[in-house]
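> 3D model of this:
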Amino acid sequence: MLDALASLARYIPAEGLALYIAVAAFAGDTPWLVVGGLIFAVALTSLIIVLTWVDARAVLARDERPDIGRLLLTLLVIVAALVIYVSALADNPITSGLPGGTTAGGVAVLVAAAFLSIVGPRLGLERTR
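Okay, here's the model as predicted:
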């Protein structure tokens, strides 16, 4: 399971995940704060992706610049990876109401990690850390 989490985490900016974990750690028994932490983590991750895209467009030659389709695909995959990763953590707002909550999240992580390991490089989304 840890290898699958690590494989999936390669697609998630650490800043967004760290924000969620920090808020969840301090939230205690305040579920709305944990949900807010997830929303802020998704927003921060999206902001990082958009700023990286803007920077890439500024420094690359015109024919090498990523288009808006690349931005949208990257946003979709990386935000989905973040949400799936969070779903495998204890006391998360995504699967906590489901029977076997973190087990369902763990299965989602395994499926997503397998999917991204095959599809990610083909779509040009392979990241290294």
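
> Spatially central, which residue of the chain would that be?
residue 82 (2.0 Å; CA atoms, centre = their mean).

> you'd agree it is up against residue 17?
Yes. With contacts counted by CB atoms under 8 Å, residue 82 reaches residue 17, the gap being 6.6 Å. C-beta coordinates here come from the backbone N, C-alpha and C atoms, glycine included.

> Now list whatever residues contact both of the two.
residue 41 (CB atoms under 8 Å, 6 or more residues apart in numbering).

> contacting residues around the residue nearest to the centre of the chain?
Here residue 82 is in contact with 12, 16-17, 20, 41-42, 45 (CB under 8 Å, 6+ apart).

> Got the confidence number for the nearest residue to it once chain neighbours are set aside?
Leaving aside its chain neighbours, residue 82 sits nearest to residue 12 (4.8 Å; criterion: CB to CB, 6 or more residues apart in numbering). Residue 12 carries a pLDDT value of 81.

> distance of residue 12 from residue 66?
19 Å (CB to CB, to the nearest Å).

> Comparing the two, which residue is more hemmed in?
Legend: neighbour count by other CB atoms under 10 Å for residue 12 and residue 66, higher for residue 12 (23 against 16).

> who's in contact with that one?
Per CB under 8 Å, 6+ apart, neighbours of residue 12: 45, 78, 81-82, 85.

> Ramachandran coordinates for residue 65?
The phi/psi pair for residue 65 (degrees, to the nearest 10) reads phi -70, psi 140.

> Please identify the helix or strand for the residue nearest to it when sequence neighbours are not counted.
Nearest non-adjacent residue to residue 65, counting by CB to CB, 6+ apart: residue 57, 4.7 Å away. Residue 57 is part of helix 31-59, with elements assigned from DSSP states H and E.
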